[in-house]
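In: the sequence and its predicted three-dimensional model are supplied below.
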Amino acid sequence: MKAVRPGHYQKESSSSRKGEADLRLPKAGTIEIAPSILSADFAKLADEIAVIESAGVSMVHLDVMDGHFVPNITIGPPVISKLRKVSKLVFDSHLMISEPAKYAERFVEAGANHITFHIEAADEPKKLIDRLHELGVTAGICLNPQTPVEAIEAVAPLCDMVLVMTVQPGFGAQSFMPEAAKKIIRVREIVGPDIRVEVDGGIDPQNTPIVVSYGADTLVVGNAIFSKSDRIAAINAIRGAAN
Ligand code: DX5
Ligand code: ZN
């Protein structure tokens, strides 16, 4: 049995909040949209998240960048712990950082529910996946566009979700890389139907049917939602394209 993660959710018994059990990565078998707040208005993050929550998504994708593993810097545990207080969404935390093992626990304490780290940044991926499970969160492994699927073959079946990058990580609003997306097919073969396969980078209503046909069931969408004035309509456009 998985350990209960330390964090404020155990202390909250109020029925106004969802319990810990609800804040889990949805079981595989559904298509989920994970809006990436990277393209949201960072001065109004709580409002931006409230809008996507009202659109009925179950998760939000939090892009964490350290200026070392990728050439950009975004948010870390202090921001996530503040967002935790205003959102009941599953926090799908994408760590684009060096030494993910060193920082993972801090993200769990801040309120992350799912933690993805990059195979390119991890010395001992299996150990980190086990550690994340011990901490009570689900674990994800991610591979960059130029990284072959073989690099994750051994550890992917141990994860709860595998993330395939279809842009070079570091920035939002980049162009979708069709060749990188084809790796989804092989990843799905490796993990089978019970592990989520997430795709991240340049996803829009045009390429959504393609990545879903390859086997992706979790769609990270940043620019195609937050560049639109009507975020809810943009989410519904992705939903329509996925079905
Ligand atoms: C890129 C990030 C992505 C990105 C997705 O480094 O990991 O999550 O924000 O945004 P779009 O959909 O704009 O490519
Ligand atoms: Zn991401």
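Out: Received the coordinates, thanks. Ligands and ions are numbered 1, 2, ... in the order given.

In: so which helix or strand takes in L95?
Out: strand 90-96 (DSSP states H and E).

In: how about that strand, does it get close to ligand 2?
Out: Yes: using CB under 5 Å from the ion, strand 90-96 reaches ligand 2 at H94. (Glycine included, C-beta is placed from N, CA and C.)

In: as a whole number, average confidence for that strand?
Out: If you average the pLDDT over strand 90-96, you get 98.

In: could you say what helices and strands whichever helix or strand comes after that strand packs with?
Out: Sequence-wise, the next helix or strand downstream of strand 90-96 (DSSP H and E) is helix 100-110. Judged by 3 or more CB pairs under 8 Å, 6 or more residues apart in numbering; DSSP states H and E, helix 100-110 is in contact with helix 77-84, strand 90-96, strand 114-118, helix 125-134.

In: buried ones in the first one, by neighbour count?
Out: This means helix 77-84. P77, V79, I80, S81, L83, R84 (16 or more other CB atoms under 10 Å).

In: and T138, bridged to which residues?
Out: H114 (DSSP bridges).

In: returning to what we had before: from the buried residues of helix 77-84, which single one is nearest F42?
Out: Nearest to F42 among the buried residues of helix 77-84 is V79, at 8.8 Å by CB to CB.

In: state the distance from that closest one to Q174.
Out: V79 sits 23 Å away from Q174, going by CB to CB, to the nearest Å.

In: confidence-wise, which helix or strand of the chain is lowest on average?
Out: Lowest on mean pLDDT, DSSP states H and E among the helices and strands of the chain sits helix 8-11, with a mean of 35.

In: ok, which stretches of the chain are strands?
Out: Secondary structure of the chain (DSSP state E): strands located at 32-35, 59-65, 90-96, 114-118, 138-143, 161-165, 196-200, 218-221.

In: ok, C159 touching G140?
Out: Yes: contact criterion CB atoms under 8 Å: C159 and G140 qualify, at 5.5 Å.

In: what about these two, which has more around it?
Out: G140 (27 against 23; other CB atoms under 10 Å).

In: just the pLDDT at the closest residue to G76 other than its chain neighbours, thanks.
Out: Once flanking residues are discounted, G76 sits nearest to V64: 6.3 Å by CB to CB, 6 or more residues apart in numbering. V64 carries a pLDDT value of 98.

In: give me the neighbour count for V64.
Out: 25.

In: close enough to count as contact, it and I97?
Out: Yes: contact criterion CB under 8 Å: V64 and I97 qualify, at 6.1 Å.

In: what pairs with the spatially most central residue of the chain across the strands?
Out: Against the mean C-alpha coordinate of the chain, by CA atoms, centre = their mean, the closest residue is D92 at 3.8 Å. Beta bridges link D92 to H61, H114 when assigned by DSSP bridges.

In: before we move on, back to that, kindly reformat the buried residues of helix 77-84 as TSV and extend each row with distance to ligand 2 and pLDDT.
Out: What follows is the buried residues of helix 77-84, written out as TSV (distance: CB to the ion, whole Å; pLDDT from 0 to 100):
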residue	distance to ligand 2	pLDDT
P77	17	98
V79	15	98
I80	14	98
S81	19	98
L83	16	98
R84	18	98
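
In: in JSON lines, list the residues you listed along with distance to ligand 1.
Out: Shown next, in JSON lines, are the buried residues of helix 77-84 (distance: CB to the nearest ligand atom, whole Å):
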{"residue": "P77", "distance to ligand 1": "18"}
{"residue": "V79", "distance to ligand 1": "15"}
{"residue": "I80", "distance to ligand 1": "15"}
{"residue": "S81", "distance to ligand 1": "20"}
{"residue": "L83", "distance to ligand 1": "16"}
{"residue": "R84", "distance to ligand 1": "19"}
